[in-house]
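*Asks:* Structure here, sequence nowhere to be found:
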């Protein structure tokens, strides 16, 4: 096989690259020989001896975690020690070759975070080719490569009109594949947490603009033909992707808020809609948390006094949000139809779905703590104690100093050991953690409940919890107050007192009965389309601080966001202690009744949610 035939094995690499780098007349027996020839000719850069290349490999691992994969290949990355030209090659065996020149270009004259985003996009682009099996037709390469010898800039242009038309059609096909790889690569890099919006930086500086530099320096063009769309077209397409994401992000934000107020069905449908556009770890996690919450409610209804306190964490932030700040779109959008959610009617089905979503969230990010904790809870409810322990051991790897995680692990270690007749040996460690003065409330609760079930002394533990019952979630506070022999700490909530922030519109009002245009003058309307329960939805937004969810003509929820909502201490002075407390990934949600809640982070009120009363 001559060097010209090598191109039949290449994924996204342009034909001229192979001609340029593989010596004429070289025999290539398999796709692996492409890597071998390049390695022999230029050598590979060892990440163990190059900190920047080690960083590139870490980025590759993160992007690969979220990328679609083919079962018959495992992607691997090699950096070829060729620094004069930027290029990236995806081979049919799953190997991705990246030139040192590509790494240098990505980090040239930009901050490291921007360079990371560029590398993540390039690697995501090649992973997208692998996922789509984009190994282009051999005849296409041979047609535009001519006789396959020498510098492509000296190739003879195709002058035959039929051949020209054929090549234009093939180029259009190639552009479509490259655009799709751009789209998926951009998505993979964003889901992995890289600021891909920075790819649009330096629009007026061609010597710094990424797409311009890549096209100019890679010299991928044959006379009259290019295998990639022009830089401006690539930018425009990806900007449109961000605009679409900006229009749909309300599905994520209102999805977990609806679930908090008990509307899991609508919350699931919202999150599933967003999952179609941005299948990130936090979306999978929140879908699982919705199903776990429904299962937990059913389990509690039959075992109120016997259930342990296990974690259930919603994620209030999506990695899509930081990408959108400069790219909020004001253009109208067509209504869409929301896919009906899967709504199981038994807790077992909900738990199965919860496990599936949590496992996908965990697979997308090896350092995502919430998915491991939630997975442990779901497995625990399924009676899979060993698998729950395994999830918590991963959580300890991520957060080795977190005492709450250690407490849950100690509980499951005891329960698993007890099944094997070794509970007595595991109990002292659990007790030692619970006896610490700063033991988390969940740890103290679970240890005290266990002591009671074992017929051992539990009065002191219940008394400690009773003195702090106002800090407990309402469900566990009720158990503590029932079991304790001492009075519980009062929550002293001020009932009926209005929130200290003015609302732009009151939840529950009929918007069809008022002048909607006047009421929302100056607001941006984002139409959600037909929802799963045959209602229509619209989100009205004024700036970034006020949002209104309209479901079928009624105000379903009002949200206030911002940095000037005050402190949690000031809120307690005005409204008293919350009626319920729910932990989320980056703070706490305080509830005041069944229709009002605030998101608290680091002692500051960050969001206010007011829902329509049932």
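*Replies:* Perfect, I can see it now. Computed from a predicted structure; not experimentally measured.

*Asks:* Going along the chain, name the helices of the stretch 501-614 of the chain.
*Replies:* 516-519, 568-575 (DSSP state H, counting those that start in this stretch).

*Asks:* Identify the residues contacting the longest one?
*Replies:* This means helix 568-575. Residues outside helix 568-575 that contact it (C-beta atoms under 8 Å, 6 or more residues apart in numbering): 493-494, 497, 499-500, 590, 592, 598, 600, 603-605. Where C-beta positions appear, they are placed from N, C-alpha and C, glycine not excepted.

*Asks:* could you flag which of the residues you listed are buried?
*Replies:* The neighbour-count criterion (16 or more other C-beta atoms under 10 Å) marks 493, 590, 592, 598, 600, 604-605 among these as buried.

*Asks:* where's the dip in pLDDT among these?
*Replies:* Lowest pLDDT among the buried ones among the contacts of helix 568-575: residue 493, with 60.

*Asks:* Show me the protein divided up by domain.
*Replies:* For the chain, the structural domains run 3-229, 250-483, 511-611, going by automatic domain parsing.

*Asks:* Serialize those domains to JSON lines and add fields for distance to residue 489.
*Replies:* Converted to JSON lines, the domains of the chain look like this (distance: least, C-beta to C-beta, whole Å):
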{"stretch": "domain 3-229", "distance to residue 489": "40"}
{"stretch": "domain 250-483", "distance to residue 489": "5"}
{"stretch": "domain 511-611", "distance to residue 489": "9"}
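
*Asks:* Relative to residue 244, which of these is closest?
*Replies:* domain 250-483 (6.8 Å; C-beta to C-beta).

*Asks:* Tell me the confidence at residue 572?
*Replies:* pLDDT at residue 572 comes out at 92.

*Asks:* how near is it to residue 598?
*Replies:* Residue 572 sits at a distance of 11 Å from residue 598 (criterion: C-beta to C-beta, to the nearest Å).

*Asks:* Tell me where the stretch 301-450 of the chain has helices.
*Replies:* 321-324, 347-364, 369-381, 385-398, 403-419, 423-434, 441-453.

*Asks:* you'd agree residue 199 is up against residue 118?
*Replies:* Yes - the criterion here is C-beta atoms under 8 Å, and residue 199 meets it with residue 118 at 6.6 Å.

*Asks:* Which one of those two is surrounded by more residues?
*Replies:* For residue 199 versus residue 118, neighbours defined as other C-beta atoms under 10 Å are more numerous around residue 118 (26 against 22).

*Asks:* Helix, strand, or coil at that one?
*Replies:* Counting by DSSP: H, G, I helix; E, B strand; the rest coil, the backbone at residue 118 sits in helix.

*Asks:* just to revisit the earlier point, between residue 199 and residue 118, which contacts overlap?
*Replies:* With C-beta under 8 Å, 6+ apart, residue 199 and residue 118 have common neighbours residue 210.

*Asks:* For my notes, confirm residue 187 occurs in a helix.
*Replies:* Yes - if the criterion is three-state DSSP, then residue 187 is within a helix.

*Asks:* what's the neighbour count on it?
*Replies:* Neighbour number of residue 187 under other C-beta under 10 Å is 25.

*Asks:* Isn't it up against residue 278?
*Replies:* Yes - Residue 187 is within contact range of residue 278, at 7.2 Å (criterion: C-beta under 8 Å).

*Asks:* so what's residue 185 up against?
*Replies:* 121-128.

*Asks:* remind me which residues of the stretch 1-150 of the chain are low pLDDT?
*Replies:* Where the stretch 1-150 of the chain drops to pLDDT under 70, the residues are 1-35, 70-72, 135-150.

*Asks:* hmm, 80 instead?
*Replies:* Residue ranges of the stretch 1-150 of the chain with pLDDT under 80: 1-40, 69-73, 134-150.

*Asks:* Which parts of this structure are strands?
*Replies:* With DSSP state E, the ranges of strands along the chain come out as 76-80, 88-90, 95-99, 524-530, 536-542, 546-551, 554-561, 580-584, 587-591, 596-601, 604-611.

*Asks:* Find the nearest non-adjacent residue to residue 127, please.
*Replies:* Sequence neighbours aside, residue 67 is the residue nearest to residue 127 in space, at 4.2 Å (criterion: C-beta to C-beta, 6 or more residues apart in numbering).

*Asks:* Got the phi and psi for the one you found?
*Replies:* phi -80, psi 150 (degrees, to the nearest 10).

*Asks:* okay but it is in contact with residue 128, surely?
*Replies:* Yes - between residue 67 and residue 128 there is a contact at 7.2 Å, judged by C-beta under 8 Å.

*Asks:* ok, the residue nearest to residue 317 when sequence neighbours are not counted - how many residues close by?
*Replies:* In this structure, residue 317 finds its nearest non-sequential neighbour in residue 586, 6.2 Å apart by C-beta to C-beta, 6+ apart. By other C-beta under 10 Å, 14 other residues sit near residue 586.

*Asks:* thinking residue 586 is in contact with residue 314, fair?
*Replies:* No - applying C-beta under 8 Å, one finds residue 586 not in contact with residue 314, separated by 10.1 Å.

*Asks:* which residues are in contact with both of residue 67 and residue 128?
*Replies:* Counting by C-beta under 8 Å, 6+ apart, the residues touching both residue 67 and residue 128 are 184, 188.

*Asks:* Kindly list the single helix or strand of the protein that scores lowest on mean pLDDT.
*Replies:* helix 138-145 (a mean of 35; mean pLDDT, DSSP states H and E).

*Asks:* Closest to the centroid, which residue in the protein?
*Replies:* In the chain, the centroid-proximal residue (C-alpha atoms, centre = their mean) is residue 280; its distance is 2.6 Å.

*Asks:* how close does it get to residue 125?
*Replies:* Distance from residue 280 to residue 125, by C-beta to C-beta: 18 Å.

*Asks:* Repeat that for residue 369.
*Replies:* For residue 369 relative to residue 125 (C-beta to C-beta), the value is 30 Å.

*Asks:* Give me the more crowded residue out of these two.
*Replies:* residue 125 (24 against 20).

*Asks:* Tell me the pLDDT of the residue nearest to the more buried one when sequence neighbours are not counted.
*Replies:* In space, residue 125 comes closest to residue 185 once its chain neighbours are excluded; the distance is 3.3 Å by C-beta to C-beta, 6+ apart. Listed pLDDT for residue 185 reads 92.

*Asks:* how long is stretch 377-395 end to end?
*Replies:* With C-alpha to C-alpha, to the nearest Å as the measure, stretch 377-395 spans 12 Å from end to end.

*Asks:* Averaged pLDDT, it. What do you get?
*Replies:* Here the average pLDDT along stretch 377-395 is 95.

*Asks:* what's the spacing between it and its chain's center?
*Replies:* 22 Å (C-alpha atoms, centre = their mean, to the nearest Å).

*Asks:* again, but for stretch 412-422
*Replies:* 35 Å.

*Asks:* Just the buried residues of that stretch, please?
*Replies:* 412-418.

*Asks:* any idea which of the residues you listed is closest to residue 177?
*Replies:* Of these, the one sitting nearest to residue 177 (C-beta to C-beta) turns out to be residue 412, at 48.2 Å.

*Asks:* so what's the closest one up against?
*Replies:* 376, 380, 385, 388-389, 392.

*Asks:* How many residues are close by the residue lying closest to it once chain neighbours are set aside?
*Replies:* Spatially, and ignoring its direct neighbours in sequence, residue 412 is nearest to residue 389 (4.7 Å; C-beta to C-beta, 6+ apart). Using other C-beta under 10 Å, residue 389 has 21 neighbouring residues.

*Asks:* Was I right to think residue 80 contacts residue 42?
*Replies:* Yes - Residue 80 lies in contact with residue 42 (C-beta under 8 Å); the separation is 5.2 Å.

*Asks:* the more surrounded of those two?
*Replies:* residue 80 (23 against 15).

*Asks:* Next up, the contacts around that one.
*Replies:* 38-39, 42-45, 97-100 are the contacts of residue 80 under C-beta under 8 Å, 6+ apart.
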